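> Turn this into a model:
(one chain, ligands or ions: 1)
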Amino acid sequence: MNKTISVAQIKEAAQEAYEQVKGNTEGKNADYIPYLANIDKSLFGISICLMDGQIIQFGDSEYKFGIESVSKVHTAVLILRQYGAQKLLEQIGADATGLPFNSIFAILLENDHPSTPLVNAGAITACSMVKPIGNSDKKWKAIVENITDLCGSAPQLIDELYKSESDTNFNNRSIAWLLKNYNRIYDDPSMSLDLYTRQCSLGITTTQLSVCGATIANKGTNPVTKKQIFDASLTPKITSLIATVGFYEHTGDWLYTSGIPAKTGVGGGVMGTLPGVFGIAAFAPPIDNAGNSVKAQLAIKYIMNKLNLNIFGGEQVSIIN
Ligand SMILES: NC(=O)CC[C@H](N)C(=O)O
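Numbers count the residues shown, from 1 in each chain. This next block holds a predicted model:
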């Protein structure tokens, strides 16, 4: 089955989503990281990057917000690039936990592996695996370069966020040491946690995240820079990780109602990837009880439903200018 939609239709759907959702006041800023509690609640942006590199933007699409857990996708991609799909499965896993992103209980239940690189435990393990082992500066460089490759431009560390998160990340410290207890962290635990905290504190825009979503949707070739970032065979692995656990304990509801695999962060960002069609990102700080941006969810769902797009729709989608 083929389906054709125009760029104008996508723009119209995104504009309507923006207008309809803009005034929503549900949810509240994450406050367990003090920096995030003080971000302007009314910020709201949407970006869509098509397979030819065209970008559609509305609202605060150039505002740099804390990437937080969306960065788990980027570093999972780096692990796939450095180690391949099988090693990620063996050393981290690819299972949903069905539990909150920072769950310690999930680690105890799994007991011999952290379950997926897209929850805190697996993301800290992923940071521990980044090569070269033992060299924090070079590992950090690899993490940032990989994000730059995927997004088409560099993220910028928000120092104040990094400090705020480092000063208060007691739960994550417990996770890092519990992983050590199970031999599921593959470099120094404190260094691995610091790299994780730092990557979560990178400032990013919805436009950059839409380009990353589009790079994944475009089988590893960044549609803006035209650079091949990862092997096309890794695309279904990345997309399945995102589809399985991108919204933590609300992932099933999300996929059922939106039809697009997407990953959230407590900074208010959501990044979606629709294979062969587009990357989409939205940002608004107020989040729901699972840590997912309320407005970003509503906006992306609106666009998907309005365009009648769904990863499970079984259609070949072409976009015309
Ligand atoms: N869901 C999130 O975005 C959580 C990320 C945050 N850095 C944490 O570890 O708690």
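> contacts and neighbour counts: CA atoms only from here.
Will do.
> what's the spacing between the helix or strand of the chain at the bottom of the mean pLDDT ranking and its chain's center?
The weakest-scoring helix or strand in the chain, judged by mean pLDDT, DSSP states H and E, is helix 105-110 (a mean of 85). A distance of 23 Å separates the C-alpha centroid of helix 105-110 from that of its chain, computed with CA atoms, centre = their mean, to the nearest Å.
> Then stretch 152-164?
Worked out by CA atoms, centre = their mean, stretch 152-164 lies 15 Å from the chain centre.
> contacts for it?
Contacts of stretch 152-164 with the rest of the structure, by CA atoms under 8 Å, 6 or more residues apart in numbering, involve 33-36, 66, 144-145, 147-148, 197-204, 208, 211-212, 222, 224-225.
> near the ligand, which of these show up?
On the criterion CA under 6 Å from any ligand atom, 197, 200 are the entries of the contacts of stretch 152-164 that sit beside the ligand.
> interface residues of the chain facing the ligand?
Those residues of the chain that sit near the ligand, judged by CA under 6 Å from any ligand atom, are 68-69, 101, 120, 197, 200, 265-266, 291.
> Quickly name whichever of the residues you listed is closest to residue 42.
Of all those, the one with the least separation from residue 42 (CA to CA) is residue 266, at 15.4 Å.
> ok, and the closest non-adjacent residue to that closest one?
Closest residue to residue 266 apart from its sequence neighbours, by CA to CA, 6 or more residues apart in numbering: residue 291 at 5.2 Å.
> Compute the number of surrounding residues for that neighbour.
Residues within reach of residue 291, counting by other CA atoms under 10 Å, total 24.
> got a list of what it touches?
Counting by CA under 8 Å, 6+ apart, residue 291 makes contact with 30, 264-266.
> And the furthest pair within those?
Maximum pairwise distance among those (CA to CA): 12.8 Å, between 30 and 264.
> re earlier: so what touches the least confident helix or strand of the chain?
97, 99, 113-115, 121, 178-179.
> any idea how far residue 82 is from the most centrally placed residue in the chain?
Closest to where the C-alpha atoms of the chain average out (CA atoms, centre = their mean) is residue 70, at 2.5 Å. Distance of residue 70 to residue 82, given as CA to CA, to the nearest Å: 19 Å.
> Need the phi and psi values for the closest residue to the ligand within the stretch 51-200 of the chain.
Taking CA to the nearest ligand atom as the measure, the stretch 51-200 of the chain has residue 69 as its residue closest to the ligand, at 3.6 Å. According to degrees, to the nearest 10, the main-chain angles of residue 69 amount to phi -70, psi -10.
> same thing with residue 28?
Per-residue torsions, residue 28: phi -150, psi 150 (degrees, to the nearest 10).
> Beta-bridge partners for it, please?
In this structure, residue 28 has the following beta-bridge partners (DSSP bridges): residue 287.
> who touches it in this structure?
Taking CA under 8 Å, 6+ apart as the definition, contacts of residue 28 comprise 41, 285-288.
> could you pull out the helices for the stretch 151-300 of the chain?
Read by DSSP state H, counting those that start in this stretch, the stretch 151-300 of the chain holds these helices, from start to end of the chain: 159-168, 170-181, 189-200, 206-217, 235-245, 251-258, 294-306.
> Which residue is the nearest non-sequential neighbour of residue 261?
Spatially, and ignoring its direct neighbours in sequence, residue 261 is nearest to residue 243 (4.3 Å; CA to CA, 6+ apart).
> Can you verify my assumption that the one you found contacts residue 259?
No - with contact defined as CA atoms under 8 Å, residue 243 does not reach residue 259; the gap is 9.6 Å.
> now the strands: where do they sit in the chain?
Secondary structure of the chain, counting by DSSP state E: strands at 2-6, 45-50, 55-59, 65-66, 156-157, 202-204, 262-264, 269-274, 278-283, 316-320.
> Now render those as a markdown table, adding distance to residue 106, mean pLDDT and mean neighbour count.
Converted to a markdown table, those look like this (distance: least, CA to CA, whole Å; pLDDT from 0 to 100; neighbours: other CA atoms under 10 Å):
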| stretch | distance to residue 106 | mean pLDDT | mean neighbour count |
| --- | --- | --- | --- |
| strand 2-6 | 41 | 95 | 11 |
| strand 45-50 | 33 | 98 | 28 |
| strand 55-59 | 37 | 98 | 20 |
| strand 65-66 | 25 | 98 | 26 |
| strand 156-157 | 30 | 98 | 18 |
| strand 202-204 | 26 | 98 | 23 |
| strand 262-264 | 19 | 98 | 30 |
| strand 269-274 | 23 | 98 | 30 |
| strand 278-283 | 28 | 98 | 31 |
| strand 316-320 | 38 | 95 | 13 |
